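Participant: Got a predicted structure here, sequence first:
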Protein chains: 2
Amino acid sequence: MKVSINDVARRAEVSIKTVSRVINNEPSVRAATRQKVVSAIEELGYQPNQAARNLARSRSYTIGFVYSNPNAYYVVSMQEGIIDVCQNSGYEVMIHPLPLQEQQAVADYLENLVTRTRLAGLVLTPPFSEMPELLSNLDNRNIEYVAIQSSAPSLGGERTVRVNDRAAAKNITSHLIDQGHQQIGFLRGDPTHYATQEREAGYREALLDAHLTVDESLIYSGQYSFESGSEGVNQLLSNSKKPTAIFASNDEMAAGALFRARLTGLEIPEQLAIAGFENSPYATQTWPQLTTATLPVADIAQLATQQLLARLSKRDNELDSEVTPELIIRGSTLPA
Amino acid sequence: MKVSINDVARRAEVSIKTVSRVINNEPSVRAATRQKVVSAIEELGYQPNQAARNLARSRSYTIGFVYSNPNAYYVVSMQEGIIDVCQNSGYEVMIHPLPLQEQQAVADYLENLVTRTRLAGLVLTPPFSEMPELLSNLDNRNIEYVAIQSSAPSLGGERTVRVNDRAAAKNITSHLIDQGHQQIGFLRGDPTHYATQEREAGYREALLDAHLTVDESLIYSGQYSFESGSEGVNQLLSNSKKPTAIFASNDEMAAGALFRARLTGLEIPEQLAIAGFENSPYATQTWPQLTTATLPVADIAQLATQQLLARLSKRDNELDSEVTPELIIRGSTLPA
DNA sequence: ACGATTGACGACAGCGTTGTCATGTCTGAG
DNA sequence: CTCAGACATGACAACGCTGTCGTCAATCGT
């Protein structure tokens, strides 16, 4: 049932250590010997025991994915990207959804986690990846991580994959302006995410670039949820100055907005153009479908994981670590 | 930085073994001694090294979650439920999304995985949990698991949490009948899931119970996707005998159906009633909202995990392991 | 009051690897 | 043909914990 390195050694008529060398692809093993060992391993169906390796090397080949995200699609895509890279490098993934708490508490929890399980490294997503104290805490405690964040803050220096939400938000807003809109409403997301500020900044920049003034009454603060999108459009439409277009901070809000706007009897996009952000499944399941920016979540996850693994094995990593979401134009802003 | 059991022992002036006893809550430690050790542990911030424990006990405290599910919401809910239980029992969770493959290949992969990482057990979801050969394979190889499945097959005997999809589907169909519908269309999901057959069986049973005949031309085979729901309703409506109500095998299909039906200009539910299954986010994001059955995914996950952990620690588990989704009636079948 | 039991603890040997260092073997330069 | 020096291999001690068993003292029954 359980075959150990010992059995392999005996079978191949070499020492345990030589088997170990073969397993780890170390040099200094004659080809013939290596072959003997490889055969023995195959014949016996030997699998190295991870726990023993971890103990001996006092490090593990498991990384943790830390998140606190209400959005299932995002979480799953992230996981897929991470696993994808890990599987090709012999790493395993442990998931750690965490409730939102004080940075200090999170840091303590993570340190505890890492020392207990000897996690090799962490992949952090917003909001954790954007908590400055948390990151420097991890730095101090010598915990490897990579933080996925919006471009602006750029905390954590090298250990970062940044998403240029601002540029993308600007592109979307500019697209609306190009369509002739002058009164463009903005549905802000949860203010505890940095992405929120970035998307808003992009919105503002686009308006300024087009020499339009920013009307604060056209900005509504929501929560990235369907409900808050719906509520937001409701409020903006009751304004004296009604928007002719709305840019929602994510697709879920945009879907909510669209839902409510159509309830009110508005034609989309003729009477109200609506754009989202993220290109989540929502974007194609509304009518009309949503103009949005595609956040290549799985790509980001892969990039982040590659960067982390590279650092863990002390390889240098020359991968680009900034990603700009791409504009996708659909019916919700462009009349058929 | 790294404090070992040795340091604690020295500090508490006891033997290593006694510290071990305290950590594992073993009896035969005098209260005073225990207290000394506990203090030492706290003062030093000691964390037992999992790898070493795993090696010494030759078993691990990590369970694997094995799935292959296109539905993000389901996957995440599952994970939440599992983690919930695990955190309270000191277990960790490793996720293993798997491509769909031959049962033998999956079994080999899983065995490999388990012997390599010494995973304590597996939580299997459809379709893996419903592959008879796979399950018996795991049985033979002495790999602990719990399989979440529709009630009918009941493979794997005790190691199972069953969802009574059939009863729930029957309830939904009966509800439609109660509303006076006689021509009820059915959108079937991916035939490789057992759930698919169960839901269809429930649909048929309800019709028979009401002395209605099952009209095969009112049954469309789809894929659990939005697109296939849309396509399905399209096809059923082009029938000579048009349905006045449609029961879709999941909410995503129902949303697709609703989307298409409204495009065609039909009033929902007046001209066409639509019901889904699962109570996913889709169900509340359509207009009108979907009548559906709530599959308490997180509860199921918890139940399954509890059962697995109970078995792992050789405790007896007296938990019920069958769950029937509950009917939720909303606007898509009930005029306001 | 005395042997017999029980309870509290420690010594020591693994668990299955890897790292270090010593040993033995081969190669090529002189 | 000889002898560094490079290469190939093995012995042995960790890694940090748990299981087993032995020891000793406190407790019990009679």
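Facilitator: Thanks, I have it.

Participant: need the residues of the stretch 201-336 of chain A near chain B, please.
Facilitator: With C-beta under 8 Å from any C-beta of the partner chain as the criterion, the stretch 201-336 of chain A comes near chain B at residues A:226, A:255-256, A:259, A:262-263, A:281-282, A:284-285, A:287. C-betas here are computed from N, CA, C, even on glycine.

Participant: which parts of chain A sit against DNA strand D?
Facilitator: A:13-18, A:21, A:27-30, A:32-34, A:52, A:55-56, A:58 (C-beta under 7 Å from any atom of the strand).

Participant: One more pass at 10 Å, please.
Facilitator: Within reach of DNA strand D by C-beta under 10 Å from any atom of the strand, chain A has these residues: A:9, A:12-22, A:26-34, A:36-37, A:51-58, A:115-116, A:118.

Participant: In PyMOL, how would I select just the buried ones from those residues?
Facilitator: In PyMOL syntax, the buried subset of those is picked out as below (16 or more other C-beta atoms under 10 Å in any protein chain shown):
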select buried, chain A and resi 9+12+14+18+19+20+21+22+29+33+34+36+37+51+52+53+54+55+115+116+118
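
Participant: what sits against A:Ala293?
Facilitator: Residues in contact with A:Ala293 (C-beta atoms under 8 Å, 6 or more residues apart in numbering or on different chains) are A:168-169, A:171-172, A:277-279, A:325-328.

Participant: Looking at the residues you listed, state which has the most neighbours.
Facilitator: Greatest neighbour count in the contacts of A:Ala293, by other C-beta atoms under 10 Å in any protein chain shown, goes to A:Phe277: 31 neighbours.

Participant: Report the rounded mean pLDDT for stretch A:67-86.
Facilitator: The pLDDT scores in stretch A:67-86 average 90.

Participant: Wondering if it reaches chain B at all.
Facilitator: Yes - among the residues of stretch A:67-86, A:72-73, A:75-77, A:79-80, A:83 lie within reach of chain B under C-beta under 8 Å from any C-beta.

Participant: Setting the sequence-adjacent residues aside, check what's closest to A:Thr213.
Facilitator: Closest residue in space to A:Thr213, ignoring its immediate chain neighbours: A:Leu207 at 7.3 Å, by C-beta to C-beta, 6 or more residues apart in numbering or on different chains.

Participant: now swap in A:Ser228 and tell me
Facilitator: Spatial nearest neighbour of A:Ser228, excluding adjacent residues (C-beta to C-beta, 6+ apart): A:Gly222 at 3.1 Å.

Participant: Quick check, pLDDT for the one you found.
Facilitator: pLDDT, A:Gly222: 95.

Participant: So A:Phe186: helix, strand or coil?
Facilitator: Here A:Phe186 takes the strand state, with states given by DSSP: H, G, I helix; E, B strand; the rest coil.

Participant: For it, which residues are in contact?
Facilitator: Contact analysis of A:Phe186 by C-beta under 8 Å, 6+ apart lists A:200, A:203, A:218-220, A:246-249.

Participant: Tell me the buried residues in the host helix or strand of the residue nearest to A:Thr213?
Facilitator: Assigned by DSSP states H and E, A:Leu207 belongs to helix A:194-209. Going by neighbour count (16+ other C-beta under 10 Å), the buried part of helix A:194-209 is A:194-207.

Participant: Quick one: mean pLDDT over it.
Facilitator: For helix A:194-209, the mean confidence score works out to 93.

Participant: by contact count, what packs against the helix or strand just after it?
Facilitator: Once helix A:194-209 ends, the next helix or strand along the chain (criterion: DSSP H and E) is strand A:219-221. With contacts taken as 3 or more C-beta pairs under 8 Å, 6 or more residues apart in numbering or on different chains; DSSP states H and E, strand A:219-221 sits against strand A:184-188, helix A:226-237.

Participant: Please put the alpha-carbon coordinates of the longest one into PDB.
Facilitator: What follows is helix A:226-237 as a C-alpha-only set of coordinates in PDB (Å, rounded to 0.1, in the frame of the first residue of the first chain):
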ATOM      1  CA  PHE A 226     -27.200  44.400  -7.900                       C
ATOM      2  CA  GLU A 227     -29.500  46.100  -5.400                       C
ATOM      3  CA  SER A 228     -27.400  49.200  -5.000                       C
ATOM      4  CA  GLY A 229     -27.100  49.600  -8.800                       C
ATOM      5  CA  SER A 230     -30.900  49.500  -9.000                       C
ATOM      6  CA  GLU A 231     -31.200  51.900  -6.100                       C
ATOM      7  CA  GLY A 232     -28.500  54.200  -7.600                       C
ATOM      8  CA  VAL A 233     -30.200  54.600 -11.000                       C
ATOM      9  CA  ASN A 234     -33.400  55.300  -9.100                       C
ATOM     10  CA  GLN A 235     -31.900  58.100  -7.300                       C
ATOM     11  CA  LEU A 236     -30.000  59.600 -10.200                       C
ATOM     12  CA  LEU A 237     -33.100  59.600 -12.300                       C
END
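
Participant: helices or strands up against that helix?
Facilitator: Helices and strands touching helix A:226-237, as assessed by 3+ C-beta pairs under 8 Å, 6+ apart, comprise strand A:184-188, strand A:219-221, strand A:245-248, helix A:251-263.

Participant: Which residues outside it are in contact with it?
Facilitator: Here helix A:226-237 makes contact (C-beta under 8 Å, 6+ apart) with A:185, A:187, A:218, A:220, A:222, A:242-243, A:246, A:248, A:252-261, A:264, A:272, B:281, B:284-285.

Participant: ok, which pair from the buried residues of helix A:194-209 is furthest apart?
Facilitator: Pairwise distances among these were taken by C-beta to C-beta; the largest, 20.6 Å, belongs to A:Tyr194 and A:Leu207.

Participant: which residues of the stretch 1-150 of chain A score low on pLDDT?
Facilitator: A:1, A:150 (pLDDT under 70).

Participant: ugh, typo on my part, it should be the stretch 201-336 of chain A
Facilitator: For the stretch 201-336 of chain A, applying pLDDT under 70 flags the ranges A:316-320.

Participant: go with 80
Facilitator: In the predicted model of the stretch 201-336 of chain A, residues A:314-320, A:336 satisfy pLDDT under 80.

Participant: check contacts around the residue in it that DNA strand C sits nearest to.
Facilitator: Of all residues in the stretch 201-336 of chain A, A:Ser313 sits closest to DNA strand C, at 11.9 Å by C-beta to the nearest atom of the strand. A:Ser313 makes no contacts at all, as judged by C-beta under 8 Å, 6+ apart.

Participant: Against A:Gln182, how distant is it?
Facilitator: According to C-beta to C-beta, to the nearest Å, A:Ser313 and A:Gln182 sit 54 Å apart.

Participant: One more: A:Glu130?
Facilitator: From A:Glu130 across to A:Gln182, the span is 33 Å (C-beta to C-beta).
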